[in-house]
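**Student:** the following comprises the amino acid sequence and a computationally predicted model.
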Amino acid sequence: MQTKTTPGAMLKAMREKPPLVQCITNYVAMNIAANVLLAAGASPAMVHAAEEAGEFAAIASAVTINIGTLSTQWIDGMQAAAKAATSAGKPWVLDPVAHYATAFRRNAVAELLALKPTIIRGNASEIIALAGGESRGQGVDSRDPVEQAEGSARWLAERQRAVVAVTGAVDFVTDGERAVRIEGGSALMPQVTALGCSLTCLVGAFAATAPEDTFGATVAALSTFAIAGEEAALGAAGPGSFSWRFLDALTALDAETLDARARISAA
Ligand SMILES: Nc1ncnc2c1ncn2[C@@H]1O[C@H](COP(=O)(O)OP(=O)(O)O)[C@@H](O)[C@H]1O
Ligand SMILES: Cc1ncsc1CCOP(=O)(O)O
Ligand SMILES: [Mg+2]
């Protein structure tokens, strides 16, 4: 059996057998998230209608669910896909975008958490609020440092029995027992809308490739973003040129470079 023990090995395995990832994401993110998955080597499908989301989840290798631009009809599709993924034993990832902002979002996320996501990926303000803490988030943007969300992430991972990823200047991933920090990326990344949403979809792609190691898959996806982000920032004049350079950097990143440059440390 092929070993998929490092981020590079997982990236290579993903490209050798591009997984079909069902992304239920928001209107803002759909295009860039699909391009990010294609650039990295996965196969995205943006399928959210309640009439087909569950049926599609049965043929996808992973599902990602993002509440960024929510409506009642979408919630039905999200729940159907989450249930279908769980009953087929496939990983599904939750991105609780600005869940603290309104009662509608809070209720939707509470119902999705009850369906037991395999992985939760959010920014620091979102993860702090998910654990019941006082978050300073403004709309979809984080206003809290990742270090402040680490305790919340550990609590949430234990309570949900899920992998929890908090992103920001230095990312943090835990499954409640293990925890790591991942350095890299660029301050231009939060200046490009929906890169976090795109990362959630990529976490789904890596989890589809290594469903037996969802902690390692999450670390691999975040490390891929960290190194591609650093590379893209080198020649970028601002968020516009960063955006297209980032897609090119994702495609150019190879397994060896990823393993050589990834900065992952135990936390
Ligand atoms: N200040 C920063 N420096 C380096 N990388 C960053 C910074 N802020 C965010 N990132 C990276 O941007 C990506 C999206 O994360 P984030 O901005 O936290 O998500 P969201 O868009 O959901 O708020 C992640 O790969 C993260 O590591
Ligand atoms: C701006 C905006 N509004 C609703 S969803 C969305 C995109 C948020 O993307 P991200 O969480 O990756 O910053
Ligand atoms: Mg986000």
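**Tutor:** Happy to help now that I have it. Ligands and ions are numbered 1, 2, ... in the order given.

**Student:** for the closest residue to L38 other than its chain neighbours, grab phi and psi.
**Tutor:** Distance criterion Cβ to Cβ, 6 or more residues apart in numbering; nearest residue to L38, sequence neighbours excluded, is P44 at 6.7 Å. Placement of C-beta: from N, CA and C, glycine included. In terms of degrees, to the nearest 10, the main-chain angles of P44 are phi -90, psi 150.

**Student:** ok, P44 - contacts?
**Tutor:** 21, 23, 33-34, 37-38, 201 (Cβ atoms under 8 Å, 6 or more residues apart in numbering).

**Student:** derive a PyMOL selection command for the buried subset of those.
**Tutor:** To isolate the buried members of those in PyMOL, using 16 or more other Cβ atoms under 10 Å:
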select buried, resi 21+23+33+34+37+201
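
**Student:** now the helix or strand I65 falls within: mean pLDDT?
**Tutor:** Per DSSP states H and E: I65 is located in strand 62-66. Averaged across strand 62-66, pLDDT comes to 98.

**Student:** same for that strand, what does it pack against?
**Tutor:** Contact partners of strand 62-66 among helices and strands, from 3 or more Cβ pairs under 8 Å, 6 or more residues apart in numbering; DSSP states H and E: strand 20-24, helix 72-87, strand 92-95, helix 195-209.

**Student:** mind listing what's buried along stretch 92-105?
**Tutor:** 92-100, 105.

**Student:** filter those by proximity to ligand 1?
**Tutor:** Taking Cβ under 6 Å from any ligand atom as the test, ligand 1 is in contact with none of these.

**Student:** now these in CSV, with pLDDT?
**Tutor:** Shown next, in CSV, are these (pLDDT from 0 to 100):
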residue, pLDDT
W92, 98
V93, 99
L94, 98
D95, 98
P96, 98
V97, 97
A98, 96
H99, 97
Y100, 95
R105, 98
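
**Student:** from these, which two are the most distant?
**Tutor:** Greatest spatial distance among the buried residues of stretch 92-105 (Cβ to Cβ): W92 and Y100, at 21.7 Å.

**Student:** right, I'll leave it there.
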